[in-house]
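1. please find the sequence and the predicted model below.
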Amino acid sequence: MKQAKLTLLALGVVYGDIGTSPLYAVKETFNPEHGIPLEAANILGGLSAIFWALMVVVSLKYVALVLRADNRGEGGVMALLALALSAVGERPRTAALLMLVGVFGASLFYGDAVLTPAISVLSAVEGLEVGTAAFKPYVVPLAAGILVALFVLQRHGTGVVGLLFGPVCALWFLAIGAAGVWNIAQQPAILEALDPRHALRFATAHGFASFVVLGAVLLAFTGAEALYADMGHFGRRAIRIAWYGLVAPALVLNYFGQGALLMADPKALENPFYLSFPGWALYPMVALATAATVIASQATISGAYSMTQQAIQLGYLPRMNVVHTSSRAFGQIYVPAVNWILLAVVAAAVIGFGSSSRLASAYGVAVMGTMLATTFLTFFVVRYGWGYPLWLCVLATGFFMLVDATFFAAALHKVLDGGWFPLALGAALFLLMTTWHRGRAALHRQLRASSVPLAPFMKSLMSDGPSMVAGTAVYLTATPDVTPHALLHSLKHYRVLHERVVFLTVEFRDVPWVPFEERVVCERLAGDCWRVLVRYGFMNQPDVPQALELCGALGLEIEPMETSFFLSREKIVPVASWRDRLFAAMARNAGNVTDYFNIPTNRVIELGTRVEI
């Protein structure tokens, strides 16, 4: 029963994106602009290419291989990056390359998070044009309105609506599968497309046009990355059952049904998805498609929130306010800053591109860039983490790398037609993430170089018998071996020391979760002065007061109402390159550390210091 529930939920969250690809994939594959005639042989070839792309990229690469590369049950580009870095060990050059590739893939994921809601909802609403051309002027405003409502509702959470995701998507897959069966029954010759020779002929017989059309074929498996990214929520078994049990059969049947319709009536290329249904089913299917695309958009938006949280905790993005929208289910979060930025960019994409066909040109670049990064990182996990022979690793991942690179190159052909959009977004985010990571490292080096070693300083201080005040002082520091500037400023201004002093460092490890028994390490320095290390995984929600409660079992009793937190607010003066100046500007606008670590703000004292980079 539990497995069946997980499988149903996976239908709504994991397969929303790839499940709505039939709305536009066939239409774009046979787009007349490619210069390939819409005749029986080419229809068979195009459908065969879609079928075998699904089998190779989704069934073999993701379901059979990548889903095995879990980081303690979690998946996604950032989890895979952490796993790959752990696998390569002490190889600094390799680790640096992996970090660049991983951040590149994560950056392009945000492009996917922008384009998925835009193209999905827009393509669903375009079904209204099939019924009557009178709806055409209202398609873009209606799609934009739906998306605005979706983003506005994000702050309320998805717990209630989420219960409907699985059943709605199950109905969606059953409906598109049934439509496929109905059309195949009228043109059973379309089943010849199962022969891979048709795909090979289609991909080679038309010269450069065959290469260009691959940029449209890849639209059939957009959303495949979600299988891996959401593995931690449902487990690989539920994802595999859903794929083989319902999603893959429904998609294949629907694609073949659209191909059968085109063989019978080439004029149906105007919108082969909606025209493959009986006339009476048009408007119900528009409603169902809109619901399915909203679900697909919701899953992608939630994925962007999770990606942001992981990137923050791994040190690639500034701190932001993360709101938990459910008291029962972990992982249902809302990041206001990301939400409103996404809304602005998605609205710009819908209004600027104006149609799903124009958006399709931009879509493939973001999708294939992330997939290419995933394949590259998987090689290092398979080779160094699992210890498989080199020849086998090269053969397995090399094949998928060739497939991904081919589709990525085909998508790049559309750069001037819209592919620049996700590339520009990705480049901006790549610059942001690498600058923040590099800037944090430079800041820590500077703090270490200009600071006093902690242990000798505290022993010397305690031996002089300083004046004491009641209570506990907790100094948050990112450098556990050096004396925090906040303590030095406190001694300078107040000339007293609290009777209990705790130096607290929060460390995020490259694993998804750190169990409670491994979370806290306490070390007595001198007198009643302690050094405390709190460890979190990149999926954990940091909560400093809760972590301090765990110190009681280790000999350090802390009374919450008698505790003050001291923070050093670095005043960064940029004196080096433009990148350092950019980091300084980002640091000044980073989120409040008290919100991020769940520290009571009424007991926080901020003391400033000056750091040059």
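-> Cool, got the structure.

2. what about the longest helix in the protein?
-> helix 92-125 (DSSP state H).

3. which strands or helices does the helix or strand that that helix is followed by pack on?
-> Per DSSP states H and E, the first helix or strand lying C-terminal to helix 92-125 is helix 128-131. Using 3 or more CB pairs under 8 Å, 6 or more residues apart in numbering; DSSP states H and E, the elements in contact with helix 128-131 are helix 139-152, helix 282-313. C-betas here are computed from N, CA, C, even on glycine.

4. how about the longest one: buried residues?
-> Right, helix 282-313. Buried residues in helix 282-313, counted by 16 or more other CB atoms under 10 Å: 282, 285-286, 288-313.

5. circling back to that earlier point, between the longest helix of the chain and helix 139-152, how many degrees?
-> 120 degrees (axes from the mean of the first three to the mean of the last three CA atoms, to 10 degrees).

6. pull out the buried positions in helix 92-125.
-> Taking 16+ other CB under 10 Å as the criterion, helix 92-125 shows 94-95, 98-99, 101-125 as buried.

7. look at residue 435 and say how many residues are nearby.
-> 19 (other CB atoms under 10 Å).

8. residue 463 now?
-> Per other CB under 10 Å, the neighbour tally for residue 463 reads 10.

9. what of residue 443?
-> Using other CB under 10 Å, the number of residues around residue 443 comes to 21.

10. helix or strand for it, which one?
-> Applying DSSP H and E, one finds residue 443 within helix 420-449.

11. and the next element down the chain from that helix?
-> Following helix 420-449 in sequence, per DSSP H and E, is helix 454-463.

12. and that next one, how far from the chain's centre?
-> 45 Å (CA atoms, centre = their mean, to the nearest Å).

13. same list (the helices and strands packed on helix 128-131) but as TSV, adding mean pLDDT.
-> As requested, these are arranged in TSV below (pLDDT from 0 to 100):
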stretch	mean pLDDT
helix 139-152	89
helix 282-313	84
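
14. can you check which of the ones you listed gets nearest to residue 3?
-> helix 282-313 (20.4 Å; CB to CB).

15. so the nearest residue in space to residue 393 that is not next to it in sequence versus residue 394, what's the distance?
-> Nearest residue to residue 393, sequence neighbours excluded (CB to CB, 6 or more residues apart in numbering): residue 383, at 4.4 Å. Per CB to CB, to the nearest Å, residue 383 is found 9 Å from residue 394.

16. who has more neighbours out of those two?
-> residue 383 (19 against 14).

17. what residues does stretch 339-347 touch?
-> 113-114, 117-118, 144, 147-148, 151, 154-155, 301, 304-305, 425 (CB atoms under 8 Å, 6 or more residues apart in numbering).

18. who are the contact partners of residue 244?
-> Neighbours of residue 244 in contact, by CB under 8 Å, 6+ apart: residue 63.

19. correct me if wrong: residue 23 contacts residue 116.
-> No. Counting by CB atoms under 8 Å, residue 23 does not reach residue 116; the two are 11.9 Å apart.

20. residue 533 belongs to a strand?
-> Yes. Counting by DSSP: H, G, I helix; E, B strand; the rest coil, residue 533 is located in a strand.

21. so which bits of stretch 68-84 are buried?
-> Result for stretch 68-84 [16+ other CB under 10 Å]: buried residues 69-71, 74-84.

22. how about stretch 382-392?
-> 382-385.

23. enumerate every residue touching residue 146.
-> Residue 146 neighbours (CB under 8 Å, 6+ apart): 121, 125, 290, 294.
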